[in-house]
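Undergrad: Need a 3D model of the following:
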Amino acid sequence: MDQIKWCMQQKKGIELVEPSNNLHEAYLIKAEEALDTLRSSKSKDWQLTTAYYTIYHGIYSLLMKIGIKCEIHSCTIEFTKRFLNKYFSIDDLELLDKAFSARIDAQYYVNRKVPDANYDLIIKKTPGFLVKCKNIILEEKGINEFRKKMESLKS
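TA: Below you'll find the predicted structure:
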């Protein structure tokens, strides 16, 4: 089954909601706060966690602008890869995958070490990823196209 369709069938998966500029801005603030924590933390685990949430909240701000709600992170990531790929490079999407994986390893496992190369990449590239999210302009026409695509997948 198509992963987006699967995500739309899940209780906390992808669903259409009213687009919200207020929530768009609120998630950008959350992303900035996570970035501030990343910069002040001395712990590699917390740096990886806050780097991931900087990236994730940046993306989620775009979803709120479109009117897409999703509480399953892997579904949010799949939506980004499928529908927001014109705004992000292959390197950006690889960063997203690496940050997601590193966050899981850092938060939930004591015996998994994130490779230094991945750690360095995530920490270095996270601020620029957030800048990219902030600079993406989603116009009403594009938002309506996203929403139509999602509606068509429901059936």
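Undergrad: For this structure, which segments count as helices?
TA: Assigned by DSSP state H, the chain shows helices spanning 3-9, 21-40, 44-66, 73-83, 90-108, 116-135, 140-154.
Undergrad: Pick the most deeply packed of these.
TA: Among the helices of the chain, helix 44-66 has the highest mean neighbour count (mean count of other Cβ atoms under 10 Å), at a mean of 23. The C-beta positions use only the backbone N, C-alpha and C, and glycine is treated the same way.
Undergrad: what angle do that helix and helix 21-40 make?
TA: Put simply, helix 44-66 runs at 170 degrees to helix 21-40, going by axes from the mean of the first three to the mean of the last three Cα atoms, to 10 degrees.
Undergrad: what bits of the chain have low per-residue confidence?
TA: The chain contains residues with pLDDT under 70 at 1, 155.
Undergrad: Give me the contacts around stretch 104-114.
TA: For stretch 104-114, contacts defined as Cβ atoms under 8 Å, 6 or more residues apart in numbering pick out 44-46, 48-49, 102.
Undergrad: for those, which one is nearest residue 17?
TA: residue 49 (26.6 Å; Cβ to Cβ).
Undergrad: show me the contacts for the closest one.
TA: Residues in contact with residue 49 (Cβ under 8 Å, 6+ apart) are 103, 106-107.
Undergrad: Could you export the residues you listed as JSON lines, including distance to residue 114?
TA: What follows is those, written out as JSON lines (distance: Cβ to Cβ, whole Å):
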{"residue": "103", "distance to residue 114": "9"}
{"residue": "106", "distance to residue 114": "6"}
{"residue": "107", "distance to residue 114": "11"}
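Undergrad: The helices of the chain into TSV, with extra columns for distance to residue 15?
TA: What follows is the helices of the chain, written out as TSV (distance: least, Cβ to Cβ, whole Å):
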stretch	distance to residue 15
helix 3-9	7
helix 21-40	14
helix 44-66	11
helix 73-83	10
helix 90-108	21
helix 116-135	21
helix 140-154	9
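Undergrad: hang on, the earlier thing: and the two most separated of the contacts of stretch 104-114?
TA: 46 and 102 (11.8 Å).
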